[in-house]
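Chemist: please work out how this folds:
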Amino acid sequence: MALGSFVCAIGLAVLSRAGGVVSLYIAWTLIDIAMALTLYEAAFATINRKYETGSRQAISTLTLFGGFASTLLWPLTAKLDTVFGWRDTNSCFAVMQLPLCMPLHLWLGAAPVRQPRHHLSAEDQGHTLKHALRHPAFWTLALAISANTFVFSAMSVHLIPLLERLGLSLSTAVLLASLIGPMQVAGRIGEMTLGRNTSLQIVGILTFAMLPAALLVLVLFGANAWIVALFCMLYGVSNGILTIVRGSIPQALFGRQHYGAISGALAGPSLLSKAAGPLAAAALLRPEGGTTMLLIVLLAVSIASLVFYLRAVSIGSSPSIAKAFDKNTA
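Modeler: All right, here's what the predicted structure looks like:
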């Protein structure tokens with residue numbers, strides 16, 4: 001993660017002085033590499049290494065603070081852009097990476113783990129990546145996360161124009177969409193308090209179910225502002241808690257010893273669906289129509305994600321299948 005901060009500083013510096021397409025692509029390539037090294041997936045793997053117990057609570061706390069990132073940084077970025085311009089704003093962010101983010105990541109890496117690693121049980125050690133790739137629960141979970149990510153990425157880009165297509169004014173659409181951020185935080189607070197003693201698998205089922213429920217509401221009653229507000233709240237809560245589920249469920253199903261490799265492999269397909277979601281939605285949301293078709297497609301994909309997750313939890317929690325798998329991979 002410290003290396004990611006360094007790469008991010010270089011990428012932002014290049015972006016601040018970009019003068020053409022080539023330099024722009026170079027800058028964003030570096031920034032994307034830095035994002036892979038520093039954001040949630042890398043942070044979750046680090047937490048899993050540092051906390052022999054209580055990693056779920058630590059992940060919940062991290063995502064709670066992460067939920068305020070856009071709330072604080074977007075207005076700050078807009079203010080800096082107004083005062084200094086976008087080039088100097090990126091230069092400021094590049095400089096901040098070196099004295100602020102990089103030392104914190106280095107300090108985190110030097111901090112000791114909570115308990116000696118030789119105390120890990122065989123169950124905690126779990127499966128290696130090679131074994132996990134042969135487990136059917138891995139692929140159904142990957143499909144569940146990918147389908148869910150497809151919907152969220154499509155909606156994150158096209159939500160405002162979609163709500164306008166449903167008959168809302170631009171100001172109303174923006175106001176209702178602004179509910180999503182606070183509801184993400186509310187969902188994470190709820191998981192940390194009300195859901196802390198609930199099985200992660202059950203929390204995941206509720207989280208995956210909220211998305212098709214929200215889209216169904218929008219399909220049936222999309223022209224009503226109060227219904228759209230309900231959609232945004234359900235959508236926000238689902239998206240907020242899903243981050244925690246994605247960070248914790250690999251350990252629950254496959255053990256913690258090889259968490260980083262397994263969670264990284266799970267993230268691969270979802271990155272592809274994250275890139276495909278906005279493009280597919282744009283193709284469906286044509287200037288002359290396609291609103292209903294887009295919502296139906298997203299609803300179908302969200303239902304598929306719930307079905308895949310239920311299957312993954314069922315397979316991963318089955319004692320007979322788990323024992324047979326462990327015997328075959330021993």
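
Chemist: make it CA atoms for all contacts and neighbour counts henceforth
Modeler: Fine.

Chemist: if you count contacts, what does the strand or helix carrying Phe308 end up packed against?
Modeler: Here Phe308 sits within helix 291-317, counting by DSSP states H and E. Packing partners of helix 291-317 (3 or more CA pairs under 8 Å, 6 or more residues apart in numbering; DSSP states H and E): helix 136-165, helix 200-221, helix 225-254, helix 259-284, helix 319-329.

Chemist: mean neighbour count and mean pLDDT for those - can I get that in a markdown table?
Modeler: Output for those, formatted as a markdown table (neighbours: other CA atoms under 10 Å; pLDDT from 0 to 100):
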| stretch | mean neighbour count | mean pLDDT |
| --- | --- | --- |
| helix 136-165 | 21 | 91 |
| helix 200-221 | 20 | 92 |
| helix 225-254 | 23 | 89 |
| helix 259-284 | 18 | 87 |
| helix 319-329 | 13 | 48 |
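
Chemist: for Leu106, find the nearest of those.
Modeler: helix 259-284 (18.4 Å; CA to CA).

Chemist: returning to that earlier point: out of the helices and strands packed on helix 291-317, which is closest to Leu37?
Modeler: Evaluated over the helices and strands packed on helix 291-317, closeness to Leu37 peaks at helix 259-284, with 10.9 Å, by CA to CA.

Chemist: circling back: the helices and strands packed on helix 291-317 into JSON lines, with extra columns for distance to Gly19?
Modeler: Shown next, in JSON lines, are the helices and strands packed on helix 291-317 (distance: least, CA to CA, whole Å):
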{"stretch": "helix 136-165", "distance to Gly19": "26"}
{"stretch": "helix 200-221", "distance to Gly19": "42"}
{"stretch": "helix 225-254", "distance to Gly19": "36"}
{"stretch": "helix 259-284", "distance to Gly19": "26"}
{"stretch": "helix 319-329", "distance to Gly19": "54"}
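
Chemist: nearest to Leu298, of those?
Modeler: helix 136-165 (5.8 Å).

Chemist: what is the helix or strand just after that closest one packed up against?
Modeler: Sequence-wise, the next helix or strand downstream of helix 136-165 (DSSP H and E) is helix 170-177. Using 3+ CA pairs under 8 Å, 6+ apart, the elements in contact with helix 170-177 are helix 136-165, helix 225-254.

Chemist: now the first one against helix 259-284, angle please.
Modeler: When you say that, I think you mean helix 136-165. 30 degrees (axes from the mean of the first three to the mean of the last three CA atoms, to 10 degrees).

Chemist: who are the contact partners of the residue lying closest to Leu163 once chain neighbours are set aside?
Modeler: With CA to CA, 6 or more residues apart in numbering as the criterion, Leu163 has its nearest non-adjacent residue at 5.8 Å, and that residue is Ala173. Ala173 is in contact with Ile160, Leu163, Glu164, counting by CA atoms under 8 Å, 6 or more residues apart in numbering.

Chemist: what's the spacing between the second one and Ala154?
Modeler: Distance of Leu163 to Ala154, computed by CA to CA, to the nearest Å: 13 Å.

Chemist: try the last one
Modeler: Here the distance between Glu164 and Ala154 works out to 16 Å (CA to CA).
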